[in-house]
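Undergrad: using only what follows, build the 3D model:
(chains A and B)
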Amino acid sequence: MNKRAVTSLLLLLTVAAFLLSLMAGKVWIWPTSWMADNADGWIFLELRLPRAVLGLCIGAVLGLSGAVMQGYLRNSLADPSVLGVSASAALGGVVAIYLGLNLLPFGLFACAMLGAGSSILLLLVISRGGGPVGFILGGMVLSTLAGALTAFVISIAPNPFAANEIINWLMGALTDRLMADVLTALPFMALGVALLLSTGRALDALTLGENGAKSLGINLLRLQWIIVLGVGLAVGGSVAVSGVVGFVGLVVPHFIRAIYGEQPSEILLPSAFGGAILTLTADSLARLVPGPGEVRLGIAMAVLGAPFFLLLLLRYRKGAV
Amino acid sequence: MTLTVRNLGFSHVQQPSLIGVDATFEAGKLIVILGPNGAGKSTLLACLAGLLKPDSGTACLHDADITHMAPTARARQIGLLPQGAETHWAITSLALVALGRIPHMRGAGTSSDDRKAIAMAMSATATEGFAHRPVTQLSGGERARVLLARVLAGEPSWILADEPLANLDPGFQLDILNLLRRQAEAGKGVVAVLHDLHHAVRFADHLVLLHEGRLFAQGSVDDVITPANLAHVYGIDANLFKDKEGAVQLFIKGKVRP
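TA: Below is the predicted model of the structure:
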């Protein structure tokens, strides 16, 4: 299939998923009542719109981050959640809430981004030279540690309300976010996305290994910092506003590669579209599940993503990945 | 154009791997670096390619210090075929060869110069036939040629090849050697790290023999491949002879008796 046609199709699907997310829910809201001066209009402006914008942004951010991390580590099992980056961002956020830093402007964002960025650095240090398996193991150590420390902070939370607030935020959801929160997160994510999109050519060069890339004039140290900063801003920003939503970055690039081929630069932008489509659709479906409450997006993605990861691991064992 | 190293020294975690190496390489020749495992061959090549910063001394391209050259400017002059034939993604041969143009690329996409250089590199290595096949599906010999085409596509004036024959069948080894030979004849400087002494004797214009990080001998085949040098450096009993066609060949009898 023609790549330009596929990209147009992805764009179209993204728009469709965005519209679906605006309409779907326990109450369906049709475009005719979007601007209406009644309950429907209010639901649209205050609940649906921020939620859809957020889904679009964090989906794109996570899909792109997954594609960049897989390209950089030359490992198709890499992903912000698998490698503990999201968990570390969450730890940063939890510490911020515990210390009350979330009341400062950008306090929660800064801590989540710091958590995400430093976890990648740590991962690069502890997994260097370990090959694909080394990174997965390093990521496991990081996410276990971050999870344990997060649980610790929750357990010493000063009151049940604080603990509840933390847990609610952690579970990963797009519900009840204020437009103001979304707008605060946007510039950080946009900057992160811009940084990550600039890595295409260097990631292509890394196909030849580190020495090959260096001999082509690629500055690997600079690339590493761009990725640390880019993923830190993008994933940190997305976790700060929506908690941990896993596996988007793992799943999406695999489908995109099947269509676009494996050249790292070719899959960056499509992975952002794919991430947005997956996240918006999953969130819309989660809303439609019958019952009193709704399935949280973070939980839905984990239920979908974990078996997919297992499938990849099995294929990897056969040497097919 | 010359590639010169003066008093070059480099240490890997306090273990010296190159000590005071002086050498001058001229373009238009196939230069072969020899030496046992751990003699510092790859380290020397990495210093020449600008991948490693020497601890002492200098590596210069003409009169510019390689470690101080801008990475892109250096990459346009010096092409490296790294050890291990790494290709991490199943991209097509054409896409892989195109990576060689990265030092020349400014904006997005490829220019007509890029496409011309890629086509010439692929025709020189006879790799056009599988331009659209993923590199991961190629045989070892095909992939080695595609990887060399990648280096040629960058149109460097120097080609550095680190063990380009590893894991190749004898026929494919000769393909690669002939390709390198042709590049040298076309006026490029070619520096290759080889393990096979027979190939070195047959193909090299200039030999550099390293031993325990030091330059042990350099010069023509007759100067370097002497029974005394081979016994001292490799611990083998070997000598040169002329075969029926008058070509110089190496005969290895066995290990030197202690």
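
Undergrad: show me where the stretch 1-150 of chain B has its helices.
TA: For the stretch 1-150 of chain B, the helices defined by DSSP state H, counting those that start in this stretch occupy B:41-48, B:71-77, B:93-98, B:112-124, B:140-153.

Undergrad: I meant chain A, not that one.
TA: Taking DSSP state H, the helices of chain A run over residues A:3-23, A:39-43, A:49-73, A:85-99, A:107-127, A:131-155, A:160-170, A:179-197, A:200-205, A:209-215, A:220-242, A:248-260, A:268-288, A:297-317.

Undergrad: so which of these is nearest B:His206?
TA: Among the helices of chain A, the nearest to B:His206 by CB to CB is helix A:209-215 (22.2 Å). Every residue, glycine included, has its C-beta placed from N, CA and C.

Undergrad: need the residues of the stretch 101-250 of chain B near chain A, please.
TA: Within the stretch 101-250 of chain B, the positions near chain A by CB under 8 Å from any CB of the partner chain are B:102-103, B:105, B:134, B:147, B:150, B:154.

Undergrad: give me phi/psi at B:Asp169?
TA: phi -70, psi 160 (degrees, to the nearest 10).

Undergrad: which one of the residues of the stretch 101-250 of chain B next to chain A has the most neighbours?
TA: B:Arg150 (30 neighbours; other CB atoms under 10 Å in any protein chain shown).

Undergrad: for that one, which non-adjacent residue is spatially closest?
TA: In this structure, B:Arg150 finds its nearest non-sequential neighbour in B:Gly100, 4.3 Å apart by CB to CB, 6 or more residues apart in numbering or on different chains.

Undergrad: pLDDT weak spots in chain A?
TA: Residues of chain A that meet the criterion pLDDT under 70 lie in A:1, A:129-132, A:316-321.

Undergrad: tell me which of the helices of chain A lies nearest to chain B.
TA: Evaluated with CB to the nearest CB, these place helix A:209-215 nearest to chain B, the distance being 3.5 Å.

Undergrad: for that closest one, buried residues please.
TA: A:209, A:211-215 (16 or more other CB atoms under 10 Å in any protein chain shown).

Undergrad: ok, stretch A:128-145 next?
TA: A:132, A:134-136, A:138-139, A:142-143, A:145.

Undergrad: circling back to that earlier point, can you lay out the helices of chain A as a markdown table showing distance to B:Val201?
TA: Listed next are those as a markdown table, based on distance: least, CB to CB, whole Å:
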| stretch | distance to B:Val201 |
| --- | --- |
| helix A:3-23 | 50 |
| helix A:39-43 | 83 |
| helix A:49-73 | 42 |
| helix A:85-99 | 54 |
| helix A:107-127 | 43 |
| helix A:131-155 | 37 |
| helix A:160-170 | 68 |
| helix A:179-197 | 51 |
| helix A:200-205 | 36 |
| helix A:209-215 | 28 |
| helix A:220-242 | 38 |
| helix A:248-260 | 46 |
| helix A:268-288 | 49 |
| helix A:297-317 | 44 |
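
Undergrad: can you list the residues of the stretch 51-200 of chain A near chain B?
TA: Counting by CB under 8 Å from any CB, the stretch 51-200 of chain A sits next to chain B at A:Arg74.

Undergrad: which residue does the stretch 51-200 of chain A have closest to chain B?
TA: Here the stretch 51-200 of chain A gets closest to chain B at one residue, A:Arg74, 4.1 Å apart by CB to the nearest CB.

Undergrad: quick one: the strands in the stretch 1-150 of chain B?
TA: Secondary structure of the stretch 1-150 of chain B (DSSP state E, counting those that start in this stretch): strands at B:2-12, B:15-26, B:30-34, B:56-61, B:64-65, B:78-81.

Undergrad: surely B:Pro164 is within a helix?
TA: No - according to DSSP: H, G, I helix; E, B strand; the rest coil, B:Pro164 belongs to no helix; its state is coil.

Undergrad: which pLDDT value does the model give it?
TA: pLDDT recorded at B:Pro164 is 94.

Undergrad: how near is it to chain A?
TA: B:Pro164 sits at a distance of 13 Å from chain A (criterion: CB to the nearest CB, to the nearest Å).

Undergrad: could you give the number of residues near that residue?
TA: When neighbours are counted by other CB under 10 Å, B:Pro164 comes out with 24.

Undergrad: show me what contacts it?
TA: For B:Pro164, the contact set (CB atoms under 8 Å, 6 or more residues apart in numbering or on different chains) comprises B:81, B:144, B:148, B:176, B:180, B:192.

Undergrad: just to revisit the earlier point, and which of the buried residues of stretch A:128-145 is nearest B:Ser56?
TA: Nearest member of those to B:Ser56, counting by CB to CB, is A:Gly134, at 33.5 Å.

Undergrad: in contact with the closest residue to the closest one other than its chain neighbours, which residues?
TA: With CB to CB, 6+ apart as the criterion, A:Gly134 has its nearest non-adjacent residue at 4.5 Å, and that residue is A:Ser127. Contacts for A:Ser127 (CB under 8 Å, 6+ apart) come out as A:134-135, A:137-139.

Undergrad: what comes up buried for stretch B:146-166?
TA: B:146-165.

Undergrad: follow-up on the earlier one: which members of the buried residues of stretch A:128-145 define the maximum pairwise distance?
TA: A:Pro132 and A:Leu145 (20.7 Å).

Undergrad: from the middle of its chain, how far away would stretch B:91-106 be?
TA: Taking CA atoms, centre = their mean, to the nearest Å, one finds stretch B:91-106 lying 20 Å from the centre of the chain it belongs to.

Undergrad: got the buried residues for that stretch?
TA: For stretch B:91-106, by 16+ other CB under 10 Å, it's B:91-104.

Undergrad: distance to A:Ala240 and pLDDT for those residues - can I get that in TSV?
TA: Listed next are those as TSV, based on distance: CB to CB, whole Å; pLDDT from 0 to 100:
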residue	distance to A:Ala240	pLDDT
B:Ile91	36	95
B:Thr92	40	95
B:Ser93	44	96
B:Leu94	43	96
B:Ala95	37	95
B:Leu96	40	96
B:Val97	43	97
B:Ala98	39	96
B:Leu99	37	96
B:Gly100	42	96
B:Arg101	40	96
B:Ile102	36	95
B:Pro103	39	95
B:His104	41	94
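
Undergrad: could you dump those to a markdown table with distance to A:Gly92?
TA: Formatted as a markdown table, the buried residues of stretch B:91-106 follow (distance: CB to CB, whole Å):
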| residue | distance to A:Gly92 |
| --- | --- |
| B:Ile91 | 36 |
| B:Thr92 | 42 |
| B:Ser93 | 44 |
| B:Leu94 | 44 |
| B:Ala95 | 39 |
| B:Leu96 | 40 |
| B:Val97 | 44 |
| B:Ala98 | 40 |
| B:Leu99 | 37 |
| B:Gly100 | 42 |
| B:Arg101 | 41 |
| B:Ile102 | 36 |
| B:Pro103 | 39 |
| B:His104 | 42 |
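
Undergrad: just give me the closest of the contacts of B:Pro164 to A:Val61.
TA: Of the contacts of B:Pro164, the one sitting nearest to A:Val61 (CB to CB) turns out to be B:Leu81, at 37.6 Å.

Undergrad: tally of neighbours for the closest one?
TA: 27.

Undergrad: now the residue nearest in space to the middle of chain A: closest residue in space, sequence neighbours ignored.
TA: When CA atoms, centre = their mean is applied to chain A, the residue found nearest the centroid is A:Leu62 (2.8 Å). Leaving aside its sequence neighbours, A:Leu62 sits nearest to A:Val248 (CB to CB, 6+ apart; 3.9 Å).
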